[in-house]
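A.B. asks: Structure, please.
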Amino acid sequence: MNKNFLHSAKILLASCVPLWFSSPAFSLGIEDVVDGGNNYNWERVEIPGTVCSDGSQYKFWVHDTPSTNMLILFEGGGACWDYESCSGQLGILGAANPNGLPDNYITEFKARFVSPLVNGADPGLPFRPKTPIVTNGWDVVYMPYCTGDVHTGNAVRTYEDPTGVNPPITFRHMGYHNTIEALDWLAARFPAINKLLVTGFSAGGVASAAGYYFAKRTLNPNEGFMLNDSGPLFPAPDASFKSRQLHETIRVAWGLDDVLTNLPASFDVNDYGSATDMVSLEFPNDQLAYTAYSSDFNFSRFSYERFFPGSSMEDILTMWRQDQANLINEMNDHPNFSYHIPWKRPINDSHCSTIITFVGSHACPGIRKKRWYEIFEFPFSQSWKCPEGLNSMESFLDRWVNNNAVIRDLEPENGYNDEDPGMQIIAGPINDAL
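C.D. replies: Numbers count the residues shown, from 1 in each chain. Purely as a prediction, here's the structure:
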């Protein structure tokens, strides 16, 4: 779409929003802003012996099309490893779906709206039509998340209330078992896959990186793609690295040693960040990618907040950016690793760049402040400028999947999205829904 038209629409909408919100009879929800979601004919799959954390039946959903291309998406939603986090006492710093998955889960908000990749289109917004993306028309496998272990655990734990007030919790971190069973089922159902894209957001992003080896070996597609959205396995070879404490904690809580022994020698069990090296070395002809915001204040809290008590938001983001720099250096060592790393988006605390909508998920490595003689350039409200044009998520995915292009977008610090009037319109309803 023409960028000037989009900016005009945003400014027009910005002028209307105060009137909308001033009316007590008007309540703006995400369904009013986002023309998203899917109405697929989903097949619910229940494999005996697969379970959620509470022992209930695990379920995943498949949308079967005439296409021979397949998207597997691992859902995100936090993580837990002790009583405080697994009981829900920590709120957002806990685990999703601790009470299992209802039969209609795929029609609820999260599964319907959360991923343009699943829906095959970037959802329409006011004055902005729905735009088909590279996964449009593909087979889709939606892997919900209900085990608190980024889909990779292999243990049943009993967590005691440290206060002694409440009864203990039995929590089944069985994500690895569920994933392997699902992959075996998919291999029997889809024996000939052309392009396979394994992706996920947040905890599901971790799963895409940790589980890609198993998915590729089991499904054996003609072409393989892995996109990790905001679930980084940061390099942490020793205690001097800030993510080391998190890695050591989940290694014990989730019984990961039993899982990691199934990985090839290119993975170093003492450095979870070596997953980057592993997938690149094991699959040199596959296209691999990472995307996240440099200002992610969601996943970064999981990584550091409980391990470095008293840390401020600035402290946490400083640790995140240093760990991210280490990851970028590791990806740069491999010719088949791409990355798309914008600076900030006021949606979901800058967490996840492929959820809900791609608006604001662009990256501009050359972004800068407007010079004095550019201040009257359209759009007038924007003091930032991207001289070479914004690199959109849609374009990144298209070039990466269809052209096997290696793309490396790293955006420096900027306030472009904070000044975007259109972003201010959609951010509120989306954040409320999330």
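A.B. asks: Could I get the average pLDDT for stretch 376-391?
C.D. replies: In this model, stretch 376-391 has a mean pLDDT of 91.
A.B. asks: Quick check: end-to-end length of that stretch?
C.D. replies: The first and final residues of stretch 376-391 sit 23 Å from each other (Cα to Cα, to the nearest Å).
A.B. asks: Mind listing what's buried along it?
C.D. replies: Residues of stretch 376-391 classed as buried by neighbour count (16 or more other Cβ atoms under 10 Å): 379, 382, 384, 385, 386, 390, 391. All C-beta spots, glycine's among them, are computed from the backbone N, C-alpha and C.
A.B. asks: so which of these comes closest to residue 330?
C.D. replies: Distance to residue 330, by Cβ to Cβ, is smallest for residue 391 among those, at 21.8 Å.
A.B. asks: Pull the contacting residues for the closest one.
C.D. replies: Contacts here follow Cβ atoms under 8 Å, 6 or more residues apart in numbering; on that basis residue 391 touches 340, 362, 363, 364, 365, 407, 409.
A.B. asks: what do you get if the cut-off is 7 Å, keeping everything else the same?
C.D. replies: Residue 391 makes contact with 362, 363, 364, 409 under the criterion Cβ atoms under 7 Å, 6 or more residues apart in numbering.
A.B. asks: Show me what it is bridged to.
C.D. replies: Under the criterion DSSP bridges, residue 391 forms beta bridges with residue 363.
A.B. asks: Check the gap between it and residue 412 for me.
C.D. replies: Plainly put, residue 391 is 13 Å away from residue 412 if you go by Cβ to Cβ, to the nearest Å.
A.B. asks: Then residue 51?
C.D. replies: Remark: distance between residue 51 and residue 412 (Cβ to Cβ) = 45 Å.
A.B. asks: So between those two, which is more surrounded?
C.D. replies: Here residue 51 and residue 412 are set side by side on neighbour count (other Cβ atoms under 10 Å), and the busier one is residue 51, at 19 against 12.
A.B. asks: ok, the more buried one - contacts?
C.D. replies: Taking Cβ under 7 Å, 6+ apart as the definition of contact, the neighbours of residue 51 are 57, 58, 172, 174.
A.B. asks: and the last one, how many neighbours?
C.D. replies: It stands for residue 174. The criterion is other Cβ under 10 Å. On that basis, residue 174 has 27 neighbouring residues.
A.B. asks: How about the third one?
C.D. replies: Using other Cβ under 10 Å, residue 172 has 22 neighbouring residues.
A.B. asks: tell me which element it is part of?
C.D. replies: Counting by DSSP states H and E, the element that carries residue 172 is strand 169-173.
A.B. asks: That strand - what's its average pLDDT?
C.D. replies: Per-residue confidence for strand 169-173 averages out to 97 on the pLDDT scale.
A.B. asks: start at 635 instead
C.D. replies: Done: numbering now begins at 635, and the last item shifts to strand 803-807.
A.B. asks: need the contacts of residue 1025 in a markdown table with pLDDT, distance to residue 740 and neighbour count, can you?
C.D. replies: Below are the contacts of residue 1025 laid out as a markdown table (pLDDT from 0 to 100; distance: Cβ to Cβ, whole Å; neighbours: other Cβ atoms under 10 Å):
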| residue | pLDDT | distance to residue 740 | neighbour count |
| --- | --- | --- | --- |
| 996 | 97 | 30 | 24 |
| 997 | 98 | 31 | 26 |
| 998 | 97 | 36 | 22 |
| 1043 | 98 | 32 | 18 |
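A.B. asks: Export those residues to a markdown table and append columns for distance to residue 867.
C.D. replies: A markdown table is the format used below for these (distance: Cβ to Cβ, whole Å):
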| residue | distance to residue 867 |
| --- | --- |
| 996 | 25 |
| 997 | 21 |
| 998 | 26 |
| 1043 | 20 |
